[in-house]
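>>> need a structure here:
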Amino acid sequence: MIAAGACFSPVVSPLFRRKQPSHALKLKSFSIRSITRPRFAMFVNCVRGMEEKQRWSGWKEYLEQAKELIGADGGPPRWFSPVDCCSELDNSPLMLFLPGIDGVGLGLVSHHHKLARMFDLWCLHIPVADRTPFTDLVKLVETTVRLEYKRSPNRPIYLLGESIGGCLALAVAARNPDIDLVLILANPATSFGRSQVQLLTSLLDALPVTHFPALPNILSLSAGDPLRVVFDNAVKGLPLLDAARETIGDFTTFASSLLVLADILPKETFLWKLKMLKSASAYADSRLYAIKAQTLILCSGKDQLLPSQQEGERLRQLLPNCELRKFDDNGHFLFLEGSLDLVTIIKGTSYYRRGKYHDYASDFIPPSRDEANKIIESYSLFNFITSPVMLSTLEDGKIVKGLAGIPSEGPVLLVGNHMLLALDTVSLLSQMYTEQDIIVRGMAHPLMFRRRKRGRLPEVSSFDWLRVMGIFPVTATNLFKLFSSKSHVLLFPGGVREAFHRKGEEYKLFWPEQSEFVRIAARFGAKIIPFGSVGEDDLGQVVIDYDDLVKIPYLRSEIENLTNEAVQLRAGVGGEVENQQVYPPGILPKVPGRFYYYFGKPIETDGRKQELKDKDKSQELYLEVKTEVERCIAYLKEKRESDPYRSILTRSLYQATHAPTSDIPTFEI
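Got it, this is the predicted structure:
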């Protein structure tokens with residue numbers, strides 16, 4: 001396996017070569033792109049075309065490929081591209097991976113191909129015997145960043161730093177505040193001065209080489225211990241013999257690779273890295289005040305090398321444009337643990353962008369089938385409890401069970417009512433994807449996208465799955481862009497007021513008096529589909545509402561604080577929708593019933609652009625949509641009374657006497 005590139009820094013080797021891996025099933029030819037550009041120091045071809053079941057887990061891939069990368073590993077630090085393909089997206093941003101204490105540069109081995117679809121991915125490789133000081137590594141990365149920024153000043157540059165690589169990313173960002181950088185930091189080592197690892201330096205320096213613990217023992221401190229990965233197969237629910245066979249095979253493979261771990265961090269190298277960690281931590285920590293870059297911190301709850309979660313909280317408070325995601329069950333080597341999908345995290349946090357700002361239309365990457373299935377599976381209990389019934393209307397007016405009446409081609413605008421606490425959204429998005437393979441872009445309140453540093457609203461991380469599935473902040477500009485891309489858009493005009501309704505207000509619409517969406521829909525000829533949803537009153541009953549809570553001074557103050565944290569979208573529009581209080585209602589649970597959705601006949605706006613420019617005409621259509629939503633709600637409330645499987649008890653009995661995955665009947669249409 002051969003890779004070559006041009007030298008662009010005194011500490012960068014002009015040539016790097018790798019042998020072809022013995023486990024390669026298929027190799028792609030690789031051509032150097034624009035070799036005259038000083039952006040490539042080395043390229044490494046990677047195996048492609050293997051089926052997922054044949055791919056190794058993160059640790060095993062790391063160990064196998066590290067054998068080749070550290071063999072005959074002379075020369076200074078240099079960049080390599082781990083994949084032999086270009087990004088599938090136009091104007092993809094550059095991502096520079098800055099490795100942790102191992103320095104190999106293969107920490108993303110489980111994520112290479114997914115990342116390469118979205119980014120121009122380069123990884124920094126620091127040879128085992130290299131002793132380049134931290135400040136020189138900063139200059140190396142900085143040189144690359146400045147060259148690439150000069151070449152493409154309108155696209156961001158991502159610095160993905162792990163452990164000591166996080167310090168490196170922070171240092172470069174502090175020295176280059178005018179360059180558009182996005183930092184993604186995994187367990188950054190800025191906490192080294194408060195860790196137990198720093199105490200090892202003197203002790204390890206005194207140990208003879210024969211007693212030096214090397215990397216295997218260091219890894220055993222982490223919840224991401226490769227030995228734990230070896231035995232994962234034993235708890236997969238496989239037949240006993242198959243599980244034993246896989247476990248023995250994995251253990252044999254792992255045991256044969258222990259020498260590789262010792263070769264990555266021999267005593268001299270490890271002591272050098274510990275000293276570098278100390279200087280890197282101090283260097284980056286003293287320059288945090290200068291960092292303006294958009295930053296995402298990923299921190300592990302079982303990191304026994306560094307106090308990563310405490311450090312994540314500290315950095316979130318110090319950095320002005322920072323988000324934090326916690327992984328309570330993961331160890332220090334976050335990216336090598338199979339439970340984490342970096343691409344899904346980037347999409348879920350809305351950190352992927354190709355321009356100065358994230359564009360919710362052009363920067364949206366639809367979830368893969370695997371991502372969507374995992375999200376839907378995580379809500380399988382909720383969907384089981386509510387057992388949603390979907391009805392839609394065909395063009396001839398016939399009502400059918402299922403979503404056949406929803407046009408497969410956009411632009412389409414789905415307009416309906418919000419049930420209590422917006423519980424309707426989960427089932428709706430799930431069923432649309434499962435049954436029709438449609439990604440519905442839901443318009444959502446901004447509180448799902450940003451929050452105050454010390455606010456009391458739920459963490460925005462609670463809504464990451466919704467962002468992966470395509471929700472976006474409700475603005476006219478975003479609606480315009482999504483109609484331009486012929487998307488299916490979901491809108492709840494009642495917003496927070498309907499989601500936090502009061503006692504006795506179930507299924508009552510609280511819509512603005514004036515049209516908010518008709519003329520935009522008409523401009524693009526979007527089909528408007530009114531729908532109604534019912535079922536919240538079969539899950540629980542509101543027994544304490546806003547009117548009750550505001551009578552208590554302390555609680556009234558708390559509600560005011562929560563409401564002030566949320567952006568007020570409709571200031572000045574008048575009516576109840578302007579006064580959208582955010583408060584936790586008191587709900588008395590019930591024996592679960594069932595959710596019902598009824599999509600009315602699509603309303604055509606194609607060819608009515610000029611007609612609907614008239615305010616009276618657009619208002620007339622707006623009221624028509626609202627009336628149709630109310631009709632759909634009334635239809636469902638009446639028909640559900642004849643559903644023999646409305647209660648979870650009768651549904652459970654039905655599934656006990658039929659196949660567990662059988663479709664549960666409902667009322668006659």
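>>> would you map the helices across the stretch 201-350 of the chain?
214-219, 226-230, 240-256, 258-264, 267-285, 308-318, 342-348 (DSSP state H, counting those that start in this stretch).
>>> next, count neighbours for F333.
As a burial measure, F333 scores 28 neighbours (other C-beta atoms under 10 Å). The C-beta positions use only the backbone N, C-alpha and C, and glycine is treated the same way.
>>> kindly report the same for R146.
Residues lying near R146 (other C-beta under 10 Å) number 15.
>>> would you mind getting the angle between the strand or helix carrying it and helix 267-285?
Per DSSP states H and E: R146 is located in helix 134-151. Inter-element angle recorded for helix 134-151 and helix 267-285: 60 degrees (by axes from the mean of the first three to the mean of the last three C-alpha atoms, to 10 degrees).
>>> quick one: list the elements packing against the following helix or strand past helix 134-151.
Once the chain leaves helix 134-151, the next helix or strand it forms, by DSSP H and E, is strand 157-162. Other helices and strands packing on strand 157-162, by 3 or more C-beta pairs under 8 Å, 6 or more residues apart in numbering; DSSP states H and E, are strand 94-98, helix 134-151, helix 164-175, strand 181-186.
>>> and E505, that's in a strand?
No - counting by DSSP: H, G, I helix; E, B strand; the rest coil, E505 is located in no strand; its state is coil.
>>> ok, it to A499 distance?
Per C-beta to C-beta, to the nearest Å, E505 is found 11 Å from A499.
>>> which one's more surrounded, those two?
Just comparing E505 and A499: by other C-beta under 10 Å the higher neighbour count belongs to A499, 22 against 15.
>>> please report phi then psi for that one.
Note on A499: its backbone torsions stand at phi -70, psi -30 [degrees, to the nearest 10].
>>> wait, it sits on T425?
No - using C-beta atoms under 8 Å, A499 is not in contact with T425; the gap is 9.4 Å.
>>> name the element G74 belongs to?
G74 belongs to no helix or strand when assigned by DSSP H and E.
>>> skipping its backbone neighbours, what lies nearest it in space?
Take G74 and drop its neighbours on the chain: the residue closest to it by C-beta to C-beta, 6 or more residues apart in numbering is P127, 6.5 Å away.
>>> before we move on, which element is that neighbour in?
Counting by DSSP H and E, P127 is found in no helix or strand.
>>> same check, this time on S533
Per DSSP H and E: strand 527-534 holds S533.
>>> same for that strand, what does it pack against?
With contacts defined as 3+ C-beta pairs under 8 Å, 6+ apart, strand 527-534 has these neighbours: strand 412-416, strand 596-599, helix 615-639.
>>> in the helix or strand just after it, which residues are buried?
The helix or strand immediately downstream of strand 527-534 is strand 540-544, counting by DSSP H and E. Residues G540, Q541, V542, I544 are the ones in strand 540-544 that count as buried (16 or more other C-beta atoms under 10 Å).
>>> now render those as JSON lines, adding pLDDT.
Shown next, in JSON lines, are the buried residues of strand 540-544 (pLDDT from 0 to 100):
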{"residue": "G540", "pLDDT": "94"}
{"residue": "Q541", "pLDDT": "94"}
{"residue": "V542", "pLDDT": "95"}
{"residue": "I544", "pLDDT": "94"}
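>>> export the residues you listed as TSV, with columns for distance to S487.
Formatted as TSV, the buried residues of strand 540-544 follow (distance: C-beta to C-beta, whole Å):
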residue	distance to S487
G540	33
Q541	36
V542	34
I544	39
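>>> quick one: contacts of stretch 360-368?
Under the criterion C-beta atoms under 8 Å, 6 or more residues apart in numbering, residues 89, 118, 344, 347, 350, 352-355, 375, 439, 441, 468-470, 472-473, 478, 481-482, 484-485, 487 lie in contact with stretch 360-368.
>>> go on, stretch 547-556?
Stretch 547-556 has contacts (C-beta under 8 Å, 6+ apart) with R502, K503, I559, Y583, G586.
>>> all good on my end, thank you.
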